[in-house]
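> sequence unavailable; structure follows:
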C-alpha cells in the first residue's frame, strides 16, 4: 500500500480532474464546493455552453437544408420551364421551316400561326394559344394537341411575318413561359424572342386543289384564270392553293416578286427560277358571275339602326335559274348571296323565305349591320356560281337575340309555321289555312270554325323580361266581338301579353293587355285615334314596357295611343313559363276569341322596339320597291381568288410572258 502511494506521488504533484483536486500532500484530500451538491454530471455553465453549441449547429444545419431544398425546387421549376420553352420553339421552328406558305398578314402580330403544308393530311397547320396553353392543330377539322402542359403558363404568344425577299419569308416568334405555381419560391419564367425562316418552296399536292381536268401552264400564251376549278402549273410543278379565296402571297421558289393592281397593265422583267404571285385590288373575284347593288335611301330610314332585318323582295329576270334563261345555277337559289362589300368577301346573315326559279322572284331577309338615316346604305347581291350547292348563310342569325319568335307564314300554298329564330318555337296548326299575304304567304282564320295556331304550352315566352313587342300584319273580316291576334297566358290564366282587335259596331280598334306578376290585374291600352278597317292590311304593333308602366300602340308605323301610367306590380315578368300561347285566338286556358281574317309576318320580341325601328319596318315591308333601288347587273369576278393579279415576266431563254391571273 505504501509502495503504491509512493509511486503515485512521483507523478502527481497537483492534478485536477473534473470535480476533484489532488494535492501533493495525500494526507489532506478535499472536494471543491459545488452548487449541485457534489452530484455527478455537468455544471450549469457547461450545460448552457454545450446546449448553445448544439442549437447553433442545428440552426446552421436546418438553414443549409432549407437553402439546398429551395435551390433544388427552383432549379426543378427552371428546368421545367426551360424544357417546355425549348420544346415549343422547336415545334414552331419545325413547322415553319417545313411549310409551303406562311398565311399571315404582313407585319401584323397575331396569336395564331397558320401554315399551308404540302400534304393534305396536315394542311393547314395551326399553332395557337388558348387559356395559357399552346396547341397544335392540323387541318381545319383536326384534333388540337397541347404543345405545353398545365405545369406552365404561356403568355404573350405572337407571330409576325416579315418579308425577306428575294429569299424566304421570316416569322418573328415571341412568348413567355412561366411556372404554374402560387409558391413564390418556385416561380420562374423564360422569354423567347427569335426569328424563323421558311425553308421549303410552295408545293401542294393534288388533294389541295379543286377537282378538275383543266390545267394551265404559265408558259402557255396569255390565259385568264377564270374558274375556281382550274389548276396552275409552273414548269410542271403544281403550285395551286387549295382554297377558293386565298388572301396571302404565293411563293413558288424565292427570287423575284412582280405584281400590279390593274388587271390590264403590262410589265416586263427578267425571271430566273422564282416567281412570287401577289394579289392586287381589282374586281370582285369571289367566284360569282354577277352582282347588283341594293341601295337603301336614308329618307325611308327613321333613325340609325343596328342589325336591322331588311326585306329584299323583287322579281328579276337575271335571277331565274339557268334552265329558265337566268343566271342562277342552283335550283334552290343557294348561289344567291348578300355582302356588305363590292368585292363580295364579307357575307351578311340572311334568310331565304322563298325563291322562285322559274320567274326570278325572291323573298329574302338580310340583316344589315347599320342602317343610316343621314346617308344611303348599299349592300350587294351576288349570284351565278356553279360551285355552290348549299345554303351560304345562317338563317337564324338574321334575327337578333331579342327576337323570341318570327313567323313568316310563308308560301301561300302550304302553311308554314316555322319559327325563324334559334329558339325553335314552331307552331302547331289548329285549322288555319294558307293564303296569299301582305309579303308572301299568310295564315287564314275563320272564327266560326275555331281555327287557330298553337304556339305551345309551358314555353319560355316573355319570361323574366322588362319589355315586350308584339307585331303582325293583320287583315280583318270581323263583325262582332273581340278577336285575338296573339295570346300568351301566365300560369294564373292572366295574359302575360296579348294583342287583339275588337269590333265596336261599325269599325274595329285594337289593343293590348299585359301582366308582369302572374297574379296581377291585366293592364290594358286600346287605340283611341285610328280604326282598323276590314279587308285592309294593317301593320299593328304593341310595345309593353313593364319597367316603366307604359303600353304603346302603333298602326302602320305611327303611334296611335300611349298609356304611360300603367300599374305593373313588377319591373320584369315572372320567371315562369307561360301555360298556353296562341296565334289567332285566346288561350285562356283553352282556345276562344278566334280571329276572323288573315295574319302575316307575326313577331314577338323581348324588348320594346323603338319608334324609329317600327316605322322603318313599316316603310320596308309595305313597299319594298320604294325602300331600296336595285342596280343593274354587273359582271362579277368569276374567279377563285378575291382580287385580280397581274404578273408579267420575260424569261431569258424561252422568251414568254406571264400575264393576268384572276
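Sure thing, it's come through. Keep in mind that this is a model prediction, so the values were computed, not measured.
> CA only for contacts and neighbour counts going forward, please
Will do.
> following the record's annotation, map out the domains of this protein.
For the chain, the structural domains run 69-197, 202-283+639-662, 290-400+619-635, 403-606, going by automatic domain parsing.
> tell me how many other residues crowd residue 141.
Neighbour count for residue 141, taken as other CA atoms under 10 Å: 8.
> ok, residue 156 next?
16.
> for it, which non-adjacent residue is spatially closest?
Excluding the flanking residues, the one nearest residue 156 by CA to CA, 6 or more residues apart in numbering is residue 175, at 4.9 Å.
> can you give me how far the host helix or strand of the one you found is from the chain middle?
Using DSSP states H and E, residue 175 sits within strand 170-179. Chain-centre distance of strand 170-179: 26 Å, with CA atoms, centre = their mean, to the nearest Å.
> give me the contacts around that strand.
77-78, 80-81, 84-85, 96, 151-164, 186-198 (CA atoms under 8 Å, 6 or more residues apart in numbering).
> now swap in stretch 320-327 and tell me
Stretch 320-327 has contacts (CA under 8 Å, 6+ apart) with 317-319, 328-331, 333, 356-361, 383-384.
> and the end-to-end length of it?
For stretch 320-327, the first and last residues are 6 Å from each other (CA to CA, to the nearest Å).
> give me the buried positions along that stretch.
320, 321, 322, 326, 327 (16 or more other CA atoms under 10 Å).
> which of those sits closest to residue 288?
Nearest to residue 288 among the buried residues of stretch 320-327, counting by CA to CA, is residue 327 at 10.1 Å.
> any stretches of the stretch 201-350 of the chain with poor pLDDT?
201-285 (pLDDT under 70).
> likewise the stretch 501-650 of the chain?
If you take pLDDT under 70 as the line, the stretch 501-650 of the chain has these spans: 503-507, 527-530, 637-650.
> now do 50
By pLDDT under 50, the weakly predicted segments of the stretch 501-650 of the chain are 638-650.
> for residue 423, which non-adjacent residue is spatially closest?
The shortest distance from residue 423 to any non-neighbouring residue, by CA to CA, 6+ apart, is to residue 404 (6.7 Å).
> residue contacts, the one you found?
421, 423, 461, 462, 603, 604, 605, 606 are the contacts of residue 404 under CA under 8 Å, 6+ apart.
> likewise residue 373?
Going by CA under 8 Å, 6+ apart, residue 373 touches 298, 299, 300, 301, 302, 303, 304.
> distance of it relative to residue 398?
Separation of residue 373 from residue 398 (CA to CA): 21 Å.
> go on, residue 563?
32 Å.
> more neighbours: these two, which one.
Counted by other CA under 10 Å, residue 563 and residue 398 do not tie: residue 398 has more neighbours, with 23 against 15.
> quick one: contacts for the more buried one?
Residue 398 touches 309, 349, 350, 351, 365, 366, 367, counting by CA under 8 Å, 6+ apart.
> skip the chain neighbours and tell me the closest residue to residue 451.
The shortest distance from residue 451 to any residue other than its chain neighbours is 4.6 Å, reached at residue 431 (CA to CA, 6+ apart).
> and the pLDDT at the one you found?
Note for residue 431: predicted pLDDT of 95.
> and it, that's in a strand?
No - according to DSSP: H, G, I helix; E, B strand; the rest coil, residue 431 belongs to no strand; its state is coil.
> start at 621, not 1
Okay, residue one is now 621; in that scheme the one you just asked about reads as residue 1051.
> and of the buried residues of stretch 940-947, the nearest to residue 1061?
Using CA to CA, the buried residues of stretch 940-947 come closest to residue 1061 at residue 940, 20.5 Å.
> distance of that closest one from residue 718?
48 Å.
> before we move on, what about residue 761?
21 Å.
> ok, which stretches of the stretch 1171-1282 of the chain are strands?
1178-1183, 1200-1203, 1206-1207, 1211-1212, 1217-1225, 1248-1250, 1254-1255, 1265-1266, 1270-1271, 1280-1281 (DSSP state E, counting those that start in this stretch).
> actually the stretch 971-1120 of the chain, sorry about that
Counting by DSSP E, counting those that start in this stretch, the segments of the stretch 971-1120 of the chain that form strands are 981-991, 997-1003, 1023-1027, 1048-1049, 1053-1056, 1061-1065, 1073-1074, 1087-1096, 1102-1109, 1115-1123.
> for those strands, which one sits closest to residue 1249?
Nearest to residue 1249 among those is strand 997-1003 (9.4 Å), distances taken as CA to CA.
> quick one, the closest one and strand 981-991 angle?
Relative orientation of strand 997-1003 versus strand 981-991 (axes from the mean of the first three to the mean of the last three CA atoms, to 10 degrees): 140 degrees.
> let me see the mean pLDDT of strand 997-1003.
The predicted model assigns strand 997-1003 a mean pLDDT of 95.
> what's near enough to touch the residue nearest the centre of the chain?
For the chain, residue 1017 is the residue whose C-alpha lies nearest the centre (CA atoms, centre = their mean; 11.3 Å). Contacts for residue 1017 (CA under 8 Å, 6+ apart) come out as 969, 970, 1041, 1042.
> ok, now residue 984?
Per CA under 8 Å, 6+ apart, neighbours of residue 984: 931, 932, 933, 970, 971, 972, 973, 974.
> how about CSV for those, with neighbour count and distance to residue 729 added?
CSV is the format used below for those (neighbours: other CA atoms under 10 Å; distance: CA to CA, whole Å):
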residue, neighbour count, distance to residue 729
931, 25, 40
932, 20, 40
933, 21, 43
970, 26, 33
971, 23, 36
972, 21, 39
973, 19, 42
974, 18, 44
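> so which of the residues you listed is the closest to residue 1087?
Looking across the contacts of residue 984 and measuring by CA to CA, the closest to residue 1087 is residue 931, at 24.9 Å.
> how is the closest one assigned, secondary-structure-wise?
strand.
> pretty sure it contacts residue 1240?
Yes - applying CA atoms under 8 Å, one finds residue 931 in contact with residue 1240, separated by 6.6 Å.
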